[in-house]
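K.L.:
Predicted model and sequence below, questions to follow.
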Amino acid sequence: MAVTIKDVAKKANVAASTVSRVISDSPRISLDTKKRVKKAMKELGYHPNVNARNLAVRSSQAIGVIMPSSADKALQNPFFPEILRGIGTSAHETDYSLYISTGGNEEQIYEEVQRMVYGNRVDGIILLYSKVSDSVLDFLVDSNFPFVVVGKPYEYESRVTYVDNNNISASKDITNHLIDLGHQHIAFIGGSTDLVVTVDRLTGYQAAIKNANLPNNQDYIVHAEFLKSGGRKAVERLFSLEMPPTAMVIADDIISLGVLNMIEELGLDCPEDVSIASFNNLYLSEITRPPLTTVDINIYTLGAQAAKCLIEKAKDKNEPAKRIIVPYEIKYRNSVRDIRSLQ
């Protein structure tokens, strides 16, 4: 015989209505009572009819997650599995499921988001990117649909909830670290200039170069994909210059892997011939040779905070827009060399 809400209520010594409120995550129920009821549900093997409840409250109990490109390409970068882990943890704690977009291009992503919104497939959407111009962002703003951006929105900043690091400050700090160690010829390898994160990290790099009265050499600025192959192409270009850089600020650890491989192919050594400072502190950054000096942007926390903010907004559409800035920390490792004694 199937276990009912009344069975759970009896075991937890509460009213059946209390069990219903726990299932709907009512804020009126204390944390202790919720724990007791959930324990009783688990012991009895009771599983609420989520579809019926969601239909009644017009909720899908799901979060849409939008990748910046097709999933097979995006997931080559360990940033995305890690941020999904953070999102998934917050979603699991509040009984939400994830609905991940696998659109291959901008048009497909836009159509997928429309299906999510118009088909009531999700209660809210997390964008795992922020572009300079984005039809998806425009659509979500115009639709007044709950969503959160991981990254700083290029437009609507005061109206959109977003979770980000201070990428300008972080880039200034990591560039200044190289300058403090005597480097004057410092290159910047960034991702697409359509991405706000690239623009912010380039801005921080340029500010540090300017403040140190170093020459603003445009040949030292190269943009590549956030993939290993992008790093290889960038190195070929930089080391064909008459005055190659002695150090590089690289906007993503995954690009740094390609850079390290190409440096080795050219018969050079990191950090003896060129120093590398990077971003994201992916798990790979500790096991490269040499281990990377990199900015830890707390990827897991970015995801967890984004999901938390979205669920709050999905439950109350009048929730005001929030700006969550996650702290960063530079991890000093062996990919950077002090060259002050050589000057």
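P.N.:
Arrived safely.
K.L.:
Quick one: the strands in the stretch 101-250 of the chain, in order.
P.N.:
124-127, 147-150, 161-164, 186-190, 221-223, 247-250 (DSSP state E, counting those that start in this stretch).
K.L.:
Return the most buried member of those.
P.N.:
strand 247-250 (a mean of 29; mean count of other CB atoms under 10 Å). All C-beta spots, glycine's among them, are computed from the backbone N, C-alpha and C.
K.L.:
what's that one packed up against?
P.N.:
helix 167-180, strand 186-190, helix 253-265, strand 275-279 (3 or more CB pairs under 8 Å, 6 or more residues apart in numbering; DSSP states H and E).
K.L.:
Adjacent strands (with direction) for that strand?
P.N.:
Strands that pair with strand 247-250, judged by DSSP bridges, come out as strand 186-190 (parallel), strand 275-279 (parallel).
K.L.:
low-scoring stretches of the stretch 151-300 of the chain, by residue?
P.N.:
For the stretch 151-300 of the chain, applying pLDDT under 70 flags the ranges 225-231.
K.L.:
run the last query once more with 90
P.N.:
Counting by pLDDT under 90, the low-confidence segments of the stretch 151-300 of the chain come to 154-158, 191-195, 215-216, 223-237, 240, 254-255, 257-259, 261-262, 265-266.
K.L.:
Point out the most buried one among the helices and strands packed on strand 247-250.
P.N.:
strand 275-279 (a mean of 28).
K.L.:
can you give me the offset of it from its chain's centre?
P.N.:
Strand 275-279 has its C-alpha centroid displaced from the chain centroid by 19 Å (CA atoms, centre = their mean, to the nearest Å).
K.L.:
who touches it?
P.N.:
The contact list for strand 275-279 (CB atoms under 8 Å, 6 or more residues apart in numbering) reads 170-171, 174-175, 177-178, 181, 183, 201, 246-253, 255-256, 259-260, 270, 285, 292-295, 297, 335-337.
K.L.:
Report the secondary structure state of Val336.
P.N.:
Under DSSP: H, G, I helix; E, B strand; the rest coil, the three-state class of Val336 is coil.
K.L.:
Now for the closest residue to Lys172 other than its chain neighbours: which residues touch it?
P.N.:
Once flanking residues are discounted, Lys172 sits nearest to Gly204: 4.2 Å by CB to CB, 6 or more residues apart in numbering. Contacts for Gly204 (CB under 8 Å, 6+ apart) come out as Asn167, Ile168, Ser169, Ala170, Ser171, Lys172, Asp173, Thr175.
K.L.:
for those residues, which one is nearest Asp7?
P.N.:
Asn167 (52.6 Å; CB to CB).
K.L.:
Let me have the contacts of Gly204 in TSV, extended by distance to Ala15.
P.N.:
Shown next, in TSV, are the contacts of Gly204 (distance: CB to CB, whole Å):
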residue	distance to Ala15
Asn167	51
Ile168	54
Ser169	52
Ala170	52
Ser171	56
Lys172	58
Asp173	56
Thr175	61
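K.L.:
Buried residues, stretch 280-288. List them.
P.N.:
Asn280, Asn281, Leu282, Ser285, Thr288 (16 or more other CB atoms under 10 Å).
K.L.:
how much space between Pro320 and Cys309?
P.N.:
11 Å (CB to CB, to the nearest Å).
K.L.:
make that Gln218, sorry
P.N.:
38 Å.
K.L.:
Of those two, give the one with the bigger neighbour count.
P.N.:
Taking other CB atoms under 10 Å, Gln218 and Cys309 do not tie; Cys309 has more neighbours (25 against 6).
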